[in-house]
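Predicted model and sequence below, questions to follow.
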Amino acid sequence: MSTPAVSIVILNWNGKHLLPDCLTSVRRQTYRDFEVILVDNGSSDGSVDWARAEYPEIRVLPLATNQGFCRGNNAGIRVALGDYIVLLNNDTEVAVDWLGELVRHVSGDPTIAACDSKVLYFHQRDTVWSAGGNYTIAGSAEFRGQGRKDFEFAEPAEVFIAVACSVIYPRRVLDEIGGLDEDFFAGYEDVDWSFRARLRGYRIVNVPSSRVYHKVSATHEYNSSSYVYHGQRNVVAVFLKNMPGRLLLKYAALHLLYTGGSLLFFARAGRLSAFLRAKRDALRTLRRTWRKRRDIQRSRSITPAQVEAFLQRSWIGSKLRKFHAS
């Protein structure tokens, strides 16, 4: 049996009802040189037995308990055979040329660390959920193009964040940079990975011809306590780990201002307790975060000015804009 060029890692947790759309659309790809690894995060809904029976061609990696997004995907990456690794959410359906377009773009340029797809809403297929991501001077992340029309994002574009809903990485880059930070569990892990790749001088490209339809937050309720906790804890770690020292000092006040605005937003949304626990735990793990920062900054190959050029100046963030408008 020959080694596949691409390994597609799909993480699942009690998502048996989501898998038919996802796995069938992957099975129909025009690009054929791939394997599928379904990593099951301790599901109790029969996902593992069902997948083995209905899709015997895929590899199923069952984990005993829910290891989270980062550990689960890293487990799949470790057993993957391909020269390119794809992460794909289980709550998606992909176009027939989705994979071929990702491979075509990532394989032609050694300076590219990752390519992500244009992700459209499953039930509103002319509307963008994500065309890559941006990172702001205050340490917040934004989905590029969210809510805008499909036709507005027709050309490949360099972006700051490769959104992990659908992303391809060369194996050699993962070996150099490492996988997802397993301390994150879930949330902002793709922001962190993309920042680390950027600091090494790599580029990230959004490929709009690779199309994905996303049942948004089908596996993780948006603005649930867990979602808020992990996201708001990890946003601190990303900022502290990756911002070069000069920029960390320059934008620390803005980060605190953004944090204050987020506190008001989540208090109004009924998630104040989750928000406060997140910030408390970010402080408790500060020493560990700072150790990671030292390693990341030692390996940085671009200047603070080059980093700053990538950052969005409109730092207030979509949540705070909604709060201000309400």
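Yep, that arrived. Numbering: from 1, shown residues only.

Buried residues, the longest helix seen in the chain. List them.
Across the chain, the longest stretch assigned as helix under DSSP state H is helix 245-268. Residues of helix 245-268 classed as buried: 247-248, 251, 254-255, 258-259, 261-262, 265-266 (neighbour count, 16 or more other Cβ atoms under 10 Å). Heads up, the C-betas are built off the backbone N, CA and C, glycines and all.

Stretch 54-66 now?
Buried residues in stretch 54-66, counting neighbours by 16+ other Cβ under 10 Å, are found at 55, 58-63, 66.

Tally up the residues packed near G108, please.
Neighbour count of G108, defined by other Cβ atoms under 10 Å: 8.

Next, work out how far apart it and K250 are.
Noted for G108: a distance of 36 Å to K250, by Cβ to Cβ, to the nearest Å.

And the strands in the chain, which stretches?
All strands of the chain, identified by DSSP state E, fall at 6-12, 34-41, 59-63, 84-89, 92-94, 112-121, 124-130, 133-135, 141-143, 157-158, 166-170, 203-214.

pretty sure R313 is in contact with Y135, am I right?
No - with contact defined as Cβ atoms under 8 Å, R313 does not count as touching Y135 (11.3 Å).

of these two, who's got more company?
Using other Cβ under 10 Å, the more surrounded residue of R313 and Y135 is Y135, with 25 against 8.

so what's the more buried one up against?
Taking Cβ atoms under 8 Å, 6 or more residues apart in numbering as the contact definition, Y135 lies against 141-142, 160-161, 191, 194-195, 310-312.

change it to 7 Å
By Cβ atoms under 7 Å, 6 or more residues apart in numbering, the contact list for Y135 reads 141, 160-161, 191, 195, 311-312.

Equivalent analysis for F143, please.
Listed by Cβ under 7 Å, 6+ apart, the contact set of F143 reads 129-130, 133, 163.

Pull out the buried members of these.
Here, 16+ other Cβ under 10 Å leaves 129-130, 133, 163 buried among those.

re earlier: ok, so of the contacts of F143, who is nearest L87?
V163 (9.8 Å; Cβ to Cβ).

For stretch 277-294, measure first residue to last.
From its first residue to its last, stretch 277-294 covers 26 Å (Cα to Cα, to the nearest Å).

List the contacts of that stretch.
Stretch 277-294 has contacts (Cβ under 7 Å, 6+ apart) with 228-229, 232-233, 236-237, 240-241.

again, 8 Å this time
Contacts for stretch 277-294 (Cβ under 8 Å, 6+ apart): 181, 183, 228-233, 236-237, 240-242, 259.

Any buried residues in it, and which?
Applying 16+ other Cβ under 10 Å to stretch 277-294 flags 278-279, 282, 289, 292-293 as buried.

Make a markdown table out of the strands of the chain and add distance to G76 and mean pLDDT.
Supplementary listing: the strands of the chain in a markdown table, determined by distance: least, Cβ to Cβ, whole Å; pLDDT from 0 to 100:
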| stretch | distance to G76 | mean pLDDT |
| --- | --- | --- |
| strand 6-12 | 4 | 98 |
| strand 34-41 | 4 | 98 |
| strand 59-63 | 6 | 98 |
| strand 84-89 | 8 | 98 |
| strand 92-94 | 16 | 98 |
| strand 112-121 | 16 | 98 |
| strand 124-130 | 21 | 96 |
| strand 133-135 | 22 | 97 |
| strand 141-143 | 24 | 94 |
| strand 157-158 | 27 | 98 |
| strand 166-170 | 12 | 99 |
| strand 203-214 | 18 | 98 |
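
Tabulate those (TSV), appending distance to G72.
Listed next are these as TSV, based on distance: least, Cβ to Cβ, whole Å:
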stretch	distance to G72
strand 6-12	5
strand 34-41	5
strand 59-63	7
strand 84-89	10
strand 92-94	16
strand 112-121	18
strand 124-130	21
strand 133-135	21
strand 141-143	21
strand 157-158	29
strand 166-170	15
strand 203-214	18
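
one step back: in the buried residues of helix 245-268, which two residues are the furthest apart from each other?
Between any two of the buried residues of helix 245-268, the greatest separation by Cβ to Cβ is 25.8 Å, found for L247 and F266.

wait, W193 sits on E182?
No - using Cβ under 8 Å, W193 makes no contact with E182, being 11.7 Å away.

Looking at these two now, which is surrounded by more residues?
Neighbour count, other Cβ under 10 Å: between W193 and E182, W193 has more, with 28 against 17.

For burial, what's the neighbour tally of the residue lying closest to the more buried one once chain neighbours are set aside?
In space, and not counting its chain neighbours, W193 is closest to L180: 5.9 Å by Cβ to Cβ, 6 or more residues apart in numbering. By other Cβ under 10 Å, 23 other residues sit near L180.
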